[in-house]
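**Student:** Need a 3D model of the sequence below.
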Amino acid sequence: MSNSTEKEKREKARIVALARSYARNFHPLHNFDQEDTNFKEGDRINYAGRVYDDDEIASLVEVALEFWLTTGHFARDFERSLAKIVGVGSAFFCSSGSAANLLAVSALTSPLLGDRQLKRGDEVITVAAGFPTTVFPIIQNGAIPVFVDITLPTYNIDVTQLENAITHKSKAVILAHTLGNPFDIASIKAFCKKYNLWLIEDNCDALGSEYTLDGKTGLTGSFGDLSTLSFYPPHHITTGEGGAVLTNDPLLAKIVLSFRDWGRDCVCPSGKDNICGRRFDGGEGAYGELPAGFDHKYVYSHIGYNFQSTDLSAAIGVAQLKKLPQNVAARRKNFERLFCALKPLEDKGAILLPQASANSNPSWFGFPIALAEKSRVSRLEIVRFLEDRGVQTRLLFAGNIVRQPAFVTSGGQKLVDFRVAGDLRNSDRVMNDVFWIGVYPRIGAAQCEYMARLITQALS
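**Tutor:** Sure thing, here's the model as predicted:
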């Protein structure tokens, strides 16, 4: 190694160390990875937020000095670490969790899947109560969502309704682990095996959640044919914008990579040539009607996207992954604090508290609360009461999504082709009676006690 290279490395290390020192000593968010112990009643309690320290600052400076602006070695390191932690063979970093869901569903449309290819008019089973980008990719790929109701207080799919949803057009199931609470993976996997359906786990709100199947405990995201993650700042770890698609299936891995990277056939990463060993070796008719020897880097086998992310984002992710265990532990601790503080209200019949699914240990994203069906206080009244006193609230996303203006007019005219299996009574209840508050690591015992006291006051 040349002296100049050694000198550059030493200078780079010096600058990164200075950045780390700044973050530790002068950065206004010093110790931002710890509980906020300076809380005073009336201070804003966000439902979520960034959780980081000097490690992320140092990583950002390091990648900035390299000035590699697209996907590079930090992204590859992040993908390898992420796959290892979740327990799958491959992870593909992309631009957002929503993009990850679109990639996962789009991958099932590949002709490489033969008879199991998802085609226009085929059906995909999901739930009506959730985040829209779990559902939208079904419609964007020309398939038909089939909506099933959920159960309370798990907020996950009612598996007893699955048989009502199946038809000869059914090809896949896509479900989210709602607010970090795993759905009934055992029943869903058995159902998918029975009818030869693909399973996509939307794991965007559940990184770190555990589920025990056949006596073995694994992380959610490792049970489906495909799974997705989001790294938007409120989530368990963040890269700013960012998401990932994960799989154990080598063929699905190849397809996801193609769809993420413009639909191209070649697996060579940006800046690398002929790793695939096929760059100019395609004979006549090897790739559609392209001529013999056509550059494989410019062969496109799918109608894909550019959903790559950057090394700047990946560098944050590499540092964030090291904090995942402590972030998950903090979220579980805050969930227990709120549950214990609010249990008297449930005992009086005023609210319904969330319940972890059987055989699971959730990595909670939030704390959902359902008001009693005959509550004297409306959800609107209670969320306004909390927001006016500094407590940030959120609804359970779209509520019953089939009642959203993207799906139906105010006069009841359907704007989207979908089907409902059974009724959506609990999805409607989520739409009317449910809200949630935060459990992220900056929240501590004082904030949990204050939130519980305000909820009790609002309901009394």
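**Student:** List the buried residues in the lowest-mean-pLDDT helix or strand in the chain.
**Tutor:** When the helices and strands of the chain are scored by mean pLDDT, DSSP states H and E, helix 3-25 comes last with a mean of 81. When neighbours are counted by 16 or more other C-beta atoms under 10 Å, the buried residues of helix 3-25 are found to be Val16, Ala19, Arg20, Ala23. Placement of C-beta: from N, CA and C, glycine included.
**Student:** closest to Ile185 among the residues you listed?
**Tutor:** Ala23 (39.6 Å; C-beta to C-beta).
**Student:** I figured the closest one was touching Leu60, is that so?
**Tutor:** No - counting by C-beta atoms under 8 Å, Ala23 sits too far from Leu60 to count as a contact (9.7 Å).
**Student:** got a list of what Asp214 touches?
**Tutor:** Under the criterion of C-beta atoms under 8 Å, 6 or more residues apart in numbering, Asp214 has no neighbours.
**Student:** Now render the buried residues of helix 3-25 as TSV, adding distance to Ala176.
**Tutor:** Listed next are the buried residues of helix 3-25 as TSV, based on distance: C-beta to C-beta, whole Å:
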residue	distance to Ala176
Val16	38
Ala19	37
Arg20	37
Ala23	34
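**Student:** returning to that earlier point: figure out how far the least confident helix or strand of the chain is from the centre of its chain.
**Tutor:** Relative to its chain's centre, helix 3-25 lies at 34 Å (C-alpha atoms, centre = their mean, to the nearest Å).
**Student:** Counting by contacts, list what that helix packs against.
**Tutor:** helix 54-66 (3 or more C-beta pairs under 8 Å, 6 or more residues apart in numbering; DSSP states H and E).
**Student:** all strands for the stretch 51-200 of the chain, in order.
**Tutor:** Secondary structure of the stretch 51-200 of the chain (DSSP state E, counting those that start in this stretch): strands located at 90-94, 123-127, 144-148, 150-151, 156-157, 170-176, 198-202.
**Student:** Tabulate those (JSON lines), appending mean pLDDT and mean neighbour count.
**Tutor:** As requested, the strands of the stretch 51-200 of the chain are exported to JSON lines (pLDDT from 0 to 100; neighbours: other C-beta atoms under 10 Å):
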{"stretch": "strand 90-94", "mean pLDDT": "98", "mean neighbour count": "26"}
{"stretch": "strand 123-127", "mean pLDDT": "98", "mean neighbour count": "26"}
{"stretch": "strand 144-148", "mean pLDDT": "98", "mean neighbour count": "23"}
{"stretch": "strand 150-151", "mean pLDDT": "98", "mean neighbour count": "22"}
{"stretch": "strand 156-157", "mean pLDDT": "98", "mean neighbour count": "26"}
{"stretch": "strand 170-176", "mean pLDDT": "98", "mean neighbour count": "24"}
{"stretch": "strand 198-202", "mean pLDDT": "99", "mean neighbour count": "26"}
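**Student:** what's the closest of those to Ser230?
**Tutor:** That would be strand 198-202 among those, by C-beta to C-beta, at 8.9 Å.
**Student:** got the CA coordinates for the closest one in CSV?
**Tutor:** Output of strand 198-202 as CSV, limited to C-alpha atoms (Å, rounded to 0.1, in the frame of the first residue of the first chain):
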residue,chain,number,x,y,z
TRP,A,198,-47.2,-16.8,-1.9
LEU,A,199,-46.8,-15.1,1.5
ILE,A,200,-45.4,-11.6,1.8
GLU,A,201,-44.8,-10.3,5.3
ASP,A,202,-45.1,-6.6,5.6
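**Student:** Just the residues contacting it, thanks.
**Tutor:** Strand 198-202 has contacts (C-beta under 8 Å, 6+ apart) with 101, 104-105, 108, 116, 118, 130-131, 134, 171-177, 188-189, 192, 220-221, 223-228.
**Student:** between the buried residues of helix 3-25, which is closest to Gln413?
**Tutor:** Ala23 (54.7 Å).
**Student:** Please name the nearest non-neighbouring residue to Pro182.
**Tutor:** Excluding its sequence neighbours, the residue lying closest to Pro182 (C-beta to C-beta, 6 or more residues apart in numbering) is Ser360, at 4.2 Å.
**Student:** check contacts around Leu290.
**Tutor:** Applying C-beta under 8 Å, 6+ apart, the residues near Leu290 are Gly282, Val299.
**Student:** Looking at it now. What's its pLDDT?
**Tutor:** Predicted confidence (pLDDT) for Leu290: 94.
**Student:** Can you pull the domain assignment for the protein?
**Tutor:** Domain segmentation of the chain under automatic domain parsing yields 73-321, 324-459.
**Student:** Tally up the residues packed near Leu338, please.
**Tutor:** 25 (other C-beta atoms under 10 Å).
**Student:** Just the buried residues of the helix or strand hosting it, please?
**Tutor:** Element membership of Leu338 [criterion: DSSP states H and E] is helix 324-347. Of the residues in helix 324-347, 324, 327-328, 330-335, 337-339, 341-342, 345-346 count as buried by neighbour count, 16+ other C-beta under 10 Å.
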